[in-house]
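In: Mind looking at a prediction? Sequence and model below.
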Amino acid sequence: MAGLFALRMFDDELTEIAFVPNTEFVEQDPLDSNSYQDPDMWFSRPGKGVQNDPARWQPAFAEADAAEPRRGSAQAATTSQSEPLPPALISQEDPPRFAVFFVHPTSYFDARQWNASLDDEESQDRARLMVRGLGSAFNQASEIWVPRYRQATFGAFITDLPEATQALEAAYADIDQAFDFFLDSIPEDMPIVLAGHSQGGYHVARLLEKRITGTPLQSRIAMAYPVGWPISIEHDLPSLGLPACATPEQAGCIMSWASFAEPAEPGQFFRRYAAIPGSDGEPRGNSPILCVNPLNGMLNGEAGMALNLGTLVPEDDLTTGELVVGAVPARCDTNGLLLIGDPPELGQYVLPGNNYHVYDIPLFWKNLQQDVVRRVGAWQQARP
């Protein structure tokens with residue numbers, strides 16, 4: 001909470017003082033080559049059991065008058081819809097077989113070191129909650145794998161110091177190793193979905209660029225969801241090997257968005273975006289961000305709240321929550337932001353400028369759950 005207060009109240013310079021480590025980067029010892037054989041190195045994986053696997057959580061729908069997630073609009077909590085769902089948004093009764101590799105977002109905010117240790121209890125507990133609220137949107141998968149990793153601290157994303165790049169490289173090394181074990185563990189004919197949020201989205205994009213593009217493995221990637229990590233259409237997307245998702249029936253493509261309520265004040269967001277070089281090594285500048293609308297699955301799409309099948313409204317402690325139908329609309333702006341109208345009342349973790357980054361997936365939880373099933377089904381139908 002102190003960190004959130006700092007983000008809301010401080011300018012960029014003071015935020016860096018609060019969150020960016022004032023220490024040298026310390027090289028991590030490599031994990032043992034067999035580290036990810038240990039089930040304890042995974043928040044989620046086959047064999048955990050539904051009760052012990054946070055990604056297998058399934059929230060219930062709220063009663064019609066149980067929640068008001070939109071400011072001044074009790075109607076948002078009702079389960080009625082003013083327009084029918086198109087067939088493309090109706091999922092299959094029997095989900096296809098597929099495996100998900102999900103990378104959780106940043107849960108480490110300590111400024112004393114650049115990377116979290118795996119025995120840091122606070123960040124691990126927070127990551128487990130994030131998997132429950134975000135990774136669970138993929139719970140229709142045959143297998144869900146969510147590795148623990150020595151993530152870069154939050155401050156690495158708000159500074160240009162070379163130590164920040166080293167911290168991200170160190171975190172990616174763990175993800176790369178976990179991905180190897182994931183590949184060795186799933187059936188060879190099973191399609192793969194890569195997904196992550198925020199720092200997790202960054203690592204998913206790195207996997208696409210470094211491990212998948214131009215290799216035989218690329219043909220097995222049914223979908224990629226690097227949500228909450230801004231992808232430049234000009235400077236990042238060409239290096240990732242997969243196209244942007246243009247229609248809701250398309251498979252083997254990339255779907256991402258960054259959520260802001262209105263009036264959006266994304267100045268801080270765009271300053272950081274412009275400062276980070278793209279995958280091609282060139283400055284991103286003002287290049288448009290990839291925006292695929294999670295409500296209708298369309299590139300640069302627009303959809304009313306009637307198409308929102310269920311927003312996950314969390315309780316204050318984030319341990320549970322309920323799905324509310326028809327709560328939030330979405331439209332891709334010309335700059336690539338996903339605008340969601342008036343600020344919905346989802347909790348206390350909204351970032352400055354009406355930035356709903358923390359809620360990128362909960363805002364559209366049910367639509368995403370159905371989106372991945374529909375697209376993997378399309379991927380399978382396109383193959384013998």
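Out: Ah, there it is. Numbers count the residues shown, from 1 in each chain.
In: Give me the three-state assignment for the closest residue to Pro294 other than its chain neighbours.
Out: Nearest residue to Pro294, sequence neighbours excluded (C-beta to C-beta, 6 or more residues apart in numbering): Phe364, at 3.9 Å. C-betas here are computed from N, CA, C, even on glycine. Under DSSP: H, G, I helix; E, B strand; the rest coil, Phe364 falls in the helix class.
In: ok, Phe364 touching Ala327?
Out: No: between Phe364 and Ala327 there is no contact under C-beta atoms under 8 Å: 9.9 Å.
In: hey, where'd the strands end up in this structure?
Out: Here the chain has its strands, by DSSP state E, at 42-44, 60-61, 99-103, 143-147, 192-197, 221-227, 253-254, 259-260, 302-303, 311-314, 321-324, 330-332, 338-339.
In: which stretch among those strands comes nearest Arg128?
Out: Taking C-beta to C-beta, strand 42-44 is the member of the strands of the chain nearest to Arg128, at 5.8 Å.
In: quick one: contacts for Leu337?
Out: Neighbour list for Leu337: Ala258, Ser259, Phe260, Ala264, Pro266, Ile289, Cys291 [criterion: C-beta atoms under 8 Å, 6 or more residues apart in numbering].
In: Among those, which one sits closest to Ser232?
Out: Checking these against Ser232 by C-beta to C-beta gives Ile289 as the nearest, at 6.6 Å.
In: And the closest one, how far from Met41?
Out: Applying C-beta to C-beta, to the nearest Å, the value for Ile289 to Met41 is 33 Å.
In: Mind checking which of those two has more residues around it?
Out: Using other C-beta atoms under 10 Å, the more surrounded residue of Ile289 and Met41 is Ile289, with 25 against 19.
In: Give me the pLDDT for the more buried one.
Out: Looking at Ile289, its pLDDT is 97.
In: these two touch, right, Tyr36 and Trp145?
Out: No: if you go by C-beta under 8 Å, Tyr36 and Trp145 don't touch, sitting 9.4 Å apart.
In: shared neighbours of these two, which are they?
Out: Listed as contacting both Tyr36 and Trp145 by C-beta under 8 Å, 6+ apart are Trp42, Ala178, Phe182.
In: Distance to Gln140 and neighbour count for these - can I get that in TSV?
Out: Below are these laid out as TSV (distance: C-beta to C-beta, whole Å; neighbours: other C-beta atoms under 10 Å):
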residue	distance to Gln140	neighbour count
Trp42	19	21
Ala178	22	24
Phe182	18	21
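In: Report the buried residues of stretch 180-187.
Out: By 16 or more other C-beta atoms under 10 Å, the buried positions in stretch 180-187 come out as Phe181, Phe182, Leu183, Ile186.
In: now that stretch: how far from the chain's centre is it?
Out: Relative to the mean C-alpha coordinate of its chain, stretch 180-187 is positioned 22 Å out (C-alpha atoms, centre = their mean, to the nearest Å).
In: Can I get that stretch as CSV, trimmed to CA atoms?
Out: Coordinates of each C-alpha in stretch 180-187 appear next as CSV, following Å, rounded to 0.1, in the frame of the first residue of the first chain:
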residue,chain,number,x,y,z
ASP,A,180,12.5,-26.3,-21.5
PHE,A,181,11.1,-28.5,-18.8
PHE,A,182,7.5,-27.6,-19.9
LEU,A,183,8.3,-28.6,-23.5
ASP,A,184,9.8,-31.9,-22.3
SER,A,185,6.8,-32.7,-20.1
ILE,A,186,3.8,-32.1,-22.4
PRO,A,187,2.7,-34.4,-25.3
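In: contacts for that stretch?
Out: Stretch 180-187 is contacted by residues Tyr36, Gln37, Pro46, Ala99, Phe101, Glu143, Trp145, Pro147, Ile192, Leu217 when judged by C-beta under 8 Å, 6+ apart.
In: Just flag the most distant two among those.
Out: With C-beta to C-beta as the measure, no two of the contacts of stretch 180-187 lie farther apart than Gln37 and Leu217, at 21.0 Å.
In: who has more neighbours, those two?
Out: Leu217 (14 against 11).
In: mind checking how far that one is from Leu240?
Out: With C-beta to C-beta as the criterion, Leu217 and Leu240 are 13 Å apart.
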